[in-house]
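Peer 1: give me the fold of what follows.
(chains A, B, C and D)
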Protein chains: 4
Amino acid sequence: MSKGRLEAFSDGVIAILITIMVLELHIPHGTDTAALRPLLPVFLTYVLSFVILGIYWNNHHHMLQLTERVNGRILWANLHLLFWLSLFPFATGWMGENHFATVPTAAYGVVLLLAALAYYLLKTAIIAEHGPDSTLGVALGRDVKGKISPAIYTAAIPLAFLNRWIAVALYVLVALMWIVPDRRVESHIRRAQGTATGGR
Amino acid sequence: MSKGRLEAFSDGVIAILITIMVLELHIPHGTDTAALRPLLPVFLTYVLSFVILGIYWNNHHHMLQLTERVNGRILWANLHLLFWLSLFPFATGWMGENHFATVPTAAYGVVLLLAALAYYLLKTAIIAEHGPDSTLGVALGRDVKGKISPAIYTAAIPLAFLNRWIAVALYVLVALMWIVPDRRVESHIRRAQGTATGGR
Amino acid sequence: MSKGRLEAFSDGVIAILITIMVLELHIPHGTDTAALRPLLPVFLTYVLSFVILGIYWNNHHHMLQLTERVNGRILWANLHLLFWLSLFPFATGWMGENHFATVPTAAYGVVLLLAALAYYLLKTAIIAEHGPDSTLGVALGRDVKGKISPAIYTAAIPLAFLNRWIAVALYVLVALMWIVPDRRVESHIRRAQGTATGGR
Amino acid sequence: MSKGRLEAFSDGVIAILITIMVLELHIPHGTDTAALRPLLPVFLTYVLSFVILGIYWNNHHHMLQLTERVNGRILWANLHLLFWLSLFPFATGWMGENHFATVPTAAYGVVLLLAALAYYLLKTAIIAEHGPDSTLGVALGRDVKGKISPAIYTAAIPLAFLNRWIAVALYVLVALMWIVPDRRVESHIRRAQGTATGGR
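Peer 2: The predicted structure is shown next:
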């Protein structure tokens, strides 16, 4: 079963989510710079969610590069990930419009956590199809960041009720941790493409 | 005629429909968990429609994998399917915002029924192009689920006027029936790819 | 220069336009069938515009199948076509929400006319790149429907001020005229693919 | 690492941005031509932003045609470009709805400037991967328009406070400058495709 449409469909959904989020930046009625000030928290949450969706797209891209075969379980694990990602515009808007109020900030963390777990399940389904000893199994097996991220989100959600800025800081921390490209995967891809014909 | 663009276009439309539906989850004004409670029926219908669109994408993916040629009739049968799928956000929103009121719940079933019939017509058009004795004709010929689904929807629509929860339960039943991957098609694909060069 | 991205981009824009139009079907507040009645003209215009966009996607698909090379002029002619198509949701909504009032009905015709002219310019640009004696030049050269359509639209616009239903009938007529697949192009494609390796 | 998904994702985002902008053309309540008049500035800004996004898509298309390899830095430089492009609907709507008021007109220039700088960074990242002496490095090295454009935008932003029409005129000027296809790149592509097997 080809992975081409799975990639194309995921690209489509993520591209639309990124651009739908920007609709929460409602055009202000005023025409001076002061009219932009109330938009600042909405803008900042947009930047955060844009970066996180960018990270997901990036990692998805890397992981699918290594993937050779796709089965029914992988298709559904992928749809499950897209489901939680599809709640980003809602969670982002609720947190941004309420200037990082406690409950919306914790709810944002819940969506982040469930998306991270869905990504983990997708990775597990892909490794299961290829075998833990395959190039992909080895490359993705020791995924430290993939295991730490849900742990940090799990800690951030209750901490939001203590001080919401701790939660926000933890969300930003995870994003920064991921922006650094995963050199292990990249080197594996390069090696794999050196031996095989590679690429589409 | 290549099937690449037909797949890409269908992927695009379904990806957009899935993400447009989430816009019905209007961001609440309150900032406590109670503010989320009135959104619950909207959220649940979103989950149902997301799963059903996911099933359509999945089955479409499987069916087009087997398809070798595309003709004008197939292109239009596909557009006809996309038309009924495009009414999902409307039907989902009407049912969700009115907390599964009778008429919107029945109307949701009408859209499900017409989409199921459109899928059947598309399948028929594809089999007609390839011949009933082709790999695809054999693989899709005994499509029990494809015949039962419209029958269940047809029963659910009048039953909604008796008790709307019966209709909702039947919609969920059909979705569950389809989530199980169609092993027959998968095995046929595997066999077909074993003999041919396969895949794109 | 590859035509792959031009096709993908056009598919994306047309897929989004088709699904954005459905947002004009505002979810009614009532929960009985009477609540759907005021939506009927909006629904009918949606069906008409969906079919017309489907025809454009279909014809675009056929024409690009025959296209071998893409140059800067073709890219811009394609963007010019997409610009007029992008006004479909606006024109459709204005006509539908005002129950086929005279001026919106005429304005709808203006958008149809400009899109048809843009398609003609795109076709001319593609023929110019490949030469009038190429397979494509011959296949698209005698494009009777492509020449009649703008003429009918040009007649329909003033006729809308006489009786708006004449204009609507003419828009429907052109759509019906195009739904019939262009057998000449299909046969040319089949012949071209018989001699060349063809297809992507 | 393949460039296919980077192109597909960028196409998706730009296609959605172009079509989301058109939603700012709110359907008027009146049904005569006078009802369209207040929409004129919104329409004109839409045309301008459509053309500018078309130019970005066009140039992106050309640049990626020459690109052979994609790395993590290029992926992020591309996402960074898409981020600023994603603010086009907001900036366009704010300027259009306020009939080219001073601050929104200057803000539009800020978004144009940041997008132009992001494009420059993307180009730099691609040249860095391929080497300044590669086909791509030579073809894109002397990019006069790419250097002049940010300079004009930088001048236009303060000039908007003197006279906003100067700023608008400069935005239009840059767009016109780019509509002319970059013959140097096209000729390089043609030459490169003459020696290599080329194309996807």
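Peer 1: ok, then the element right after the biggest helix by length in chain A?
Peer 2: Longest helix in chain A, counting residues (DSSP state H): helix A:102-130. The C-terminal neighbour of helix A:102-130 among helices and strands, as given by DSSP states H and E, is helix A:135-141.
Peer 1: and stretch A:16-35, which residues are buried?
Peer 2: Neighbour counts over stretch A:16-35 (16 or more other CB atoms under 10 Å in any protein chain shown) mark A:16-22, A:24-25, A:27-28, A:31, A:35 as buried. (Each C-beta comes from the backbone N, C-alpha and C, glycine too.)
Peer 1: show me what contacts the residue nearest to the spatial centre of chain A?
Peer 2: The centroid of chain A falls nearest to A:Y56 when counting by CA atoms, centre = their mean (3.4 Å). With contact taken as CB atoms under 8 Å, 6 or more residues apart in numbering or on different chains, A:Y56 is in contact with A:14, A:81, A:85, A:115, A:119.
Peer 1: please repeat the previous calculation with a cut-off of 10 Å.
Peer 2: A:10, A:14, A:17, A:81-82, A:84-85, A:88, A:115-116, A:118-119, A:178 (CB atoms under 10 Å, 6 or more residues apart in numbering or on different chains).
Peer 1: how many residues are close by A:A151?
Peer 2: Residues within reach of A:A151, counting by other CB atoms under 10 Å in any protein chain shown, total 12.
Peer 1: okay, angle between the helix or strand hosting it and helix A:102-130 too, please.
Peer 2: Using DSSP H and E, A:A151 maps to helix A:144-162. Orientation check (axes from the mean of the first three to the mean of the last three CA atoms, to 10 degrees): helix A:144-162 against helix A:102-130 gives 160 degrees.
Peer 1: for helix A:144-162, buried residues please.
Peer 2: Buried residues in helix A:144-162, defined by neighbour count with 16+ other CB under 10 Å: A:146, A:149-150, A:152-153, A:156-157, A:159-160.
Peer 1: okay, it in PDB with CA atoms only?
Peer 2: What follows is helix A:144-162 as a C-alpha-only set of coordinates in PDB (Å, rounded to 0.1, in the frame of the first residue of the first chain):
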ATOM      1  CA  VAL A 144      14.100  10.300  24.000                       C
ATOM      2  CA  LYS A 145      12.300  13.500  23.000                       C
ATOM      3  CA  GLY A 146       9.200  11.600  22.000                       C
ATOM      4  CA  LYS A 147       9.000  10.100  25.500                       C
ATOM      5  CA  ILE A 148       9.900  13.300  27.500                       C
ATOM      6  CA  SER A 149       7.400  15.500  25.700                       C
ATOM      7  CA  PRO A 150       4.200  13.800  27.000                       C
ATOM      8  CA  ALA A 151       5.800  13.700  30.400                       C
ATOM      9  CA  ILE A 152       6.300  17.400  30.400                       C
ATOM     10  CA  TYR A 153       2.800  18.100  29.200                       C
ATOM     11  CA  THR A 154       1.400  15.800  31.900                       C
ATOM     12  CA  ALA A 155       3.300  17.900  34.500                       C
ATOM     13  CA  ALA A 156       2.300  21.200  32.900                       C
ATOM     14  CA  ILE A 157      -1.500  20.600  33.000                       C
ATOM     15  CA  PRO A 158      -1.900  20.600  36.800                       C
ATOM     16  CA  LEU A 159       0.900  23.200  37.200                       C
ATOM     17  CA  ALA A 160      -1.300  25.600  35.100                       C
ATOM     18  CA  PHE A 161      -3.700  25.700  38.100                       C
ATOM     19  CA  LEU A 162      -0.700  26.700  40.400                       C
END
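Peer 1: does chain B sit close to the helix or strand that that helix is followed by?
Peer 2: Scanning forward in sequence from helix A:144-162 by DSSP H and E, the next helix or strand is helix A:164-179. No: Helix A:164-179 lies out of reach of chain B by CB under 10 Å from any CB of the partner chain, never closer than 10.8 Å.
Peer 1: what is the mean pLDDT for helix A:164-179?
Peer 2: Mean pLDDT, computed over helix A:164-179, is 93.
Peer 1: put the alpha carbons of that helix into PDB.
Peer 2: Presented in PDB, the C-alpha positions along helix A:164-179 are these (Å, rounded to 0.1, in the frame of the first residue of the first chain):
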ATOM      1  CA  ARG A 164      -0.500  29.400  34.300                       C
ATOM      2  CA  TRP A 165       2.800  30.900  33.200                       C
ATOM      3  CA  ILE A 166       4.700  27.700  34.300                       C
ATOM      4  CA  ALA A 167       2.500  25.700  32.000                       C
ATOM      5  CA  VAL A 168       3.000  28.200  29.100                       C
ATOM      6  CA  ALA A 169       6.800  28.100  29.800                       C
ATOM      7  CA  LEU A 170       6.800  24.300  29.600                       C
ATOM      8  CA  TYR A 171       4.800  24.300  26.300                       C
ATOM      9  CA  VAL A 172       7.400  26.700  24.900                       C
ATOM     10  CA  LEU A 173      10.300  24.500  26.300                       C
ATOM     11  CA  VAL A 174       9.000  21.400  24.500                       C
ATOM     12  CA  ALA A 175       8.700  23.300  21.200                       C
ATOM     13  CA  LEU A 176      12.200  24.600  21.500                       C
ATOM     14  CA  MET A 177      13.500  21.100  22.300                       C
ATOM     15  CA  TRP A 178      12.000  19.900  19.000                       C
ATOM     16  CA  ILE A 179      13.000  22.800  16.700                       C
END
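Peer 1: just checking, what packs against that helix?
Peer 2: Helix A:164-179 makes packing contacts with helix A:40-66, helix A:88-97, helix A:102-130, helix A:144-162, helix D:72-86 when contacts are defined by 3 or more CB pairs under 10 Å, 6 or more residues apart in numbering or on different chains; DSSP states H and E.
Peer 1: what angle do helix A:40-66 and it make with each other?
Peer 2: Between helix A:164-179 and helix A:40-66, the angle comes out at 30 degrees (the same axes, to 10 degrees).
Peer 1: tell me what angle helix A:164-179 forms with helix D:72-86.
Peer 2: 130 degrees.
Peer 1: can you list the buried residues in helix A:164-179?
Peer 2: Within helix A:164-179, the residues that count as buried by 16+ other CB under 10 Å are A:164, A:166-168, A:170-171, A:174-175, A:178.
Peer 1: may I see the residues you listed arranged in a markdown table, with distance to A:D133 as well?
Peer 2: Below are the buried residues of helix A:164-179 laid out as a markdown table (distance: CB to CB, whole Å):
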| residue | distance to A:D133 |
| --- | --- |
| A:R164 | 45 |
| A:I166 | 41 |
| A:A167 | 39 |
| A:V168 | 41 |
| A:L170 | 35 |
| A:Y171 | 35 |
| A:V174 | 30 |
| A:A175 | 32 |
| A:W178 | 26 |
